[in-house]
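> sharing a sequence plus its predicted fold:
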Amino acid sequence: SVSEDEQWFSSMVRALLAKPGLELHLITGLDERSCHRYAAGSVKPPAYFLRALLRSDQGKQFLESLMAGSEPEWWREFKRAERIAVQIDLINLT
């Protein structure tokens with residue numbers, strides 16, 4: 001629904017983080033008050049904020065969550081390449 005789509009970001013961060021506002025601030029280094037607003041869903045995060053999240057050490061978990069339930073070809077290829085890389089790493093460990 002539209003209302004669920006409007007709250008996608010706050011729903012995502014509440015599912016991923018114990019203290020979403022504070023943790024978003026610590027992850028991105030951006031204004032803590034703004035991070036609390038984004039986490040609460042009272043303000044939509046701007047693109048530069050999403051960019052900071054995806055470029056962080058925790059970026060993979062945010063990308064995975066953003067793409068959950070979506071299956072475009074590029075994403076399937078990306079996930080396949082990731083699985084192949086894991087197998088290669090396992091072979092190289094032996």
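Arrived safely, thanks for sending.

> helices of the protein, start to end?
2-6, 8-16, 20-28, 32-40, 47-54, 59-67, 73-93 (DSSP state H).

> dump those to a markdown table, plus mean pLDDT.
Putting the helices of the chain into a markdown table (pLDDT from 0 to 100) gives the following:
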| stretch | mean pLDDT |
| --- | --- |
| helix 2-6 | 66 |
| helix 8-16 | 95 |
| helix 20-28 | 97 |
| helix 32-40 | 97 |
| helix 47-54 | 96 |
| helix 59-67 | 96 |
| helix 73-93 | 94 |
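
> TSV for those helices, including mean neighbour count?
For every residue, glycine as well, the C-beta is placed using N, CA and C. Output for the helices of the chain, formatted as TSV (neighbours: other Cβ atoms under 10 Å):
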stretch	mean neighbour count
helix 2-6	8
helix 8-16	17
helix 20-28	19
helix 32-40	18
helix 47-54	14
helix 59-67	14
helix 73-93	10
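
> and stretch 12-29, how far apart are its ends?
19 Å (Cα to Cα, to the nearest Å).

> hmm, who's touching that stretch?
Applying Cβ atoms under 8 Å, 6 or more residues apart in numbering, the contact partners of stretch 12-29 are 10, 30-32, 35-40, 49, 52-53, 56-58, 61-62, 65-66.

> centre of the chain to stretch 54-69, how far?
Put simply, stretch 54-69 sits 3 Å off its chain's centre (Cα atoms, centre = their mean, to the nearest Å).

> need the residues that contact it.
Contacts to stretch 54-69, defined as Cβ under 8 Å, 6+ apart, come from residues Met12, Ala15, Leu16, Ile27, Thr28, Leu53, Trp75.

> so of the residues you listed, which two are at opposite extremes in space?
For those, the farthest-apart pair by Cβ to Cβ is Thr28 and Trp75; their separation is 23.8 Å.

> which non-adjacent residue is nearest Ala39?
Among residues not flanking Ala39 along the chain, Pro20 sits closest, at 3.6 Å (Cβ to Cβ, 6 or more residues apart in numbering).

> this completes my enquiry, with thanks.
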